[in-house]
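J.: Give me a model of this one.
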Amino acid sequence: MLRNWNCFRPSFVRFIGDLSSRKETVESSFQKAIGFLETVKIGDIVRPNSLQAIQLLKVINSVQDGHEMRKLRNRMKKQFGHNYHLIYPRLRQLSSDPLRLQMALFRNAGRRQYDSFVQYLLSILNRKDLIDTDKRQKLYDTITFQHEMFPGMNANSAMILPDEVHKWFWDRVPREESFNHYYFLIKNDVYLSWPRHSWKFVKRMMQGSELELQLASFQLFLYRENHQSIFLQKFHKLYSFHAMLLILHRVFNANDLRFAKVYVAALLRNMETKEPSELSFLRFNNFLLYYLSQTGDIELFFQAFSVELQFLKNTSTTRTSLKILHRPLLFVLKLLRRQGYHEEFFTILSVLQKLSLGQSQVFKKLAFTELIALLRSFNDCKLTTQYVMSAFDRESTGLLLNQLGLWNATFHGHATVLSDHELRSEIDSLESLLPSSMSLEEPIMAIMTELYRLVLSTNAKVLNTEQYKDLLMNLYGNYTRVLQNGLFAYPRHDTGILNVFLYHARYKLGDCRLSFALLQDFYASGLARNLRVTSNKCPFSIVVYQNNEITQAEINQLLILMHDAKIPVHFHFCTSMVLRYLQLNNREEAYAWYQRILHAGFKVEHRLLITAIRDNGWEYPVGFDETLVETLDNDDGSMVQDDAFFLEEEDGDTASSIQDNQGNKASLQHIIGLLKTL
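T.: You can find the predicted model right below:
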């Protein structure tokens, strides 16, 4: 995703370079200050009504650069010796800004100097004579000044700002300026994992555009060798171990493993420099398991997971340490589902119900989502809905499914809404398929999206074109009406359901115009105002990609809707525009869109895009695997195929097959045995 692409400059490499070497361009007053100091003695400054004291204060106030202030302070310490401590009390009587003066004149960095720095920041927040833009600049100047005055301290530790300052930034820094603000914090070695409002910025960046994610993960500094020192110096210093893990999970979840070894090395360095706790060890091992799962090394994954389970078995397990197993257990369930090991899937699910780690609402929701995804292979809408009704509150869930038309579409083949009496009669006749220990509060969006996907994909195989279109349109109408009436209670509603409609309209119904009309209607009506764009797919990309039935004027309409809704531009959308303009023989505009792919640092593995890059003589992305070019005419499956670009199935096969692999199956049985002993 790339937000505010028009603001992105090709000169950004030089912008990054400022992190490691800053060349001052402002005219320095340092030499004038030194010249003045050579003419005065301490007695000249401390005597009453001293003109030299007034002049010295002017000299100090004129130095706005922290590096020069450090040199000036050191010169005064050397010149005035043990009388240096008399300078501040005398100048404070004359200064209109005594807090800044005190902050600048402390002999050394330490608790008292840091306290004066914090007090000065808080005093800026409380000033009534400054508008917010001036106040923000003054905060930035003060933080930079402090950072420059004590470079030795910043080399080994981060600067912690009070939460009041971070909260002020959070409330007043515009969303579109988050990237520049975050860059400023990194540049000045501000600790990012704490306090609360600093961490809110981290989460915003991780959920933002591709470029924002790359800055938050420091991946932006890994593309060129001369910038990698920034990563090595700052990543482990500005983030806690826990924050590093969360960030790397976010990066790896996007299937971007280009710099996996560098990240693993950073985690190891963090553990080496700090005494690792039992929980830190488990978290690191958990990250290693996730990495192995993403790379598809299933044999090593099972071995590492067995070691972790054995470790927990031999130690005093706690609720927290058991909770750490959630992610690898979810991967095991996903693996079993993908490979068709239904019996083992339900065995592990049964074991988890008896453990305290299986009682977490969040974990149960994710595990149940895997169960619903497993049921997809049965193509049985009724069975899946029966499981959903068994897991969640029957009355409220049944009412919602009925209002959406999903109930009737599942049990009767059309999307009309039943009367309350008919609905209750049918709900009462359903048998529960799950124990009460698996009960959940309410269906999450992933479950609702899966129900829509199953209903539409199943009916696409049995209904004729006209019947299928009627079903799709009726379901869409019910869905938008429920959204308008505010009946969806989920705070994290996303575009998953909309994506299902767009995908089936275009690829199952074969109506490219309808997919465009649905997207335009949805966003133009304001229904998407509070919806998150899911990270895997962008609804605009689904409609635009290789769609020759929409005009350039309609593309422009979609771009306006995206801008108004602040939709980040995904890799899929950029690729769609590159291919579209090449097809229109507009090479210049195609290259402009390709530049956006380069600037965002998207991972390029798409066959048609790589072909376009090669055929047009464009530069390849930094870090691009050029062996992919050699295999264009004889693809080994490592590239994204054109027809797989928008596959409805969200789970790519990242796992190597364990089918008929007796060794892996034995390891799986061993894991099940260990789980039963916890």
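
J.: Break the chain down into its structural domains.
T.: For the chain, the domain assignment from automatic domain parsing gives the residue ranges 5-274, 278-378+663-678.

J.: With mean pLDDT added, can I get those domains in CSV?
T.: Output for the domains of the chain, formatted as CSV (pLDDT from 0 to 100):
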stretch, mean pLDDT
domain 5-274, 88
domain 278-378+663-678, 83
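
J.: Minimum distance to N556: which of those domains has it?
T.: Taking C-beta to C-beta as the measure, these were each checked against N556, and domain 5-274 came out nearest at 14.7 Å. The C-beta positions use only the backbone N, C-alpha and C, and glycine is treated the same way.

J.: quick revisit: can I get the domains of the chain in JSON lines including mean neighbour count and distance to L609?
T.: JSON lines is the format used below for those (neighbours: other C-beta atoms under 10 Å; distance: least, C-beta to C-beta, whole Å):
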{"stretch": "domain 5-274", "mean neighbour count": "16", "distance to L609": "15"}
{"stretch": "domain 278-378+663-678", "mean neighbour count": "18", "distance to L609": "23"}
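
J.: Adding distance to P443, write those domains out as a markdown table.
T.: Supplementary listing: those in a markdown table, determined by distance: least, C-beta to C-beta, whole Å:
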| stretch | distance to P443 |
| --- | --- |
| domain 5-274 | 22 |
| domain 278-378+663-678 | 9 |
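
J.: how much space between D141 and K135?
T.: D141 sits 11 Å away from K135, going by C-beta to C-beta, to the nearest Å.

J.: can you tell me which of the domains of the chain comes nearest to A590?
T.: Across the domains of the chain, A590 has its closest neighbour in domain 5-274 (15.1 Å, C-beta to C-beta).

J.: roughly how far out does the closest one sit from the chain middle?
T.: On the basis of C-alpha atoms, centre = their mean, to the nearest Å, the separation between the geometric centre of domain 5-274 and that of its chain is 25 Å.

J.: and what of stretch 612-622?
T.: The mean C-alpha position of stretch 612-622 is separated from the chain mean by 28 Å, C-alpha atoms, centre = their mean.

J.: same check, this time on stretch 540-549
T.: Here the centre of stretch 540-549 is set off from its chain's centre by 26 Å, with C-alpha atoms, centre = their mean.

J.: and if you look at stretch 408-426?
T.: Between the mean C-alpha position of stretch 408-426 and that of its chain there is a distance of 40 Å (C-alpha atoms, centre = their mean).

J.: Just the buried positions in that stretch, please.
T.: By neighbour count on 16 or more other C-beta atoms under 10 Å, the buried set for stretch 408-426 is N408, A409, T410, A415, L418, L423, R424, E426.

J.: Between the residues you listed, which sits nearest L322?
T.: Closest to L322 out of the buried residues of stretch 408-426 is T410 (36.4 Å), distances taken as C-beta to C-beta.

J.: Now for the closest one: which residues touch it?
T.: When contacts are counted by C-beta atoms under 8 Å, 6 or more residues apart in numbering, T410 is found next to C381, K382, T385, L401, L451, V455.

J.: Can you report how many residues neighbour L434?
T.: One way to gauge burial is a neighbour count; for L434, by other C-beta atoms under 10 Å, it gives 19.

J.: Which pLDDT value belongs to it?
T.: Predicted confidence (pLDDT) for L434: 90.

J.: Am I right that Q294 is in contact with V251?
T.: No. With contact defined as C-beta atoms under 8 Å, Q294 and V251 do not form a contacting pair (10.2 Å).
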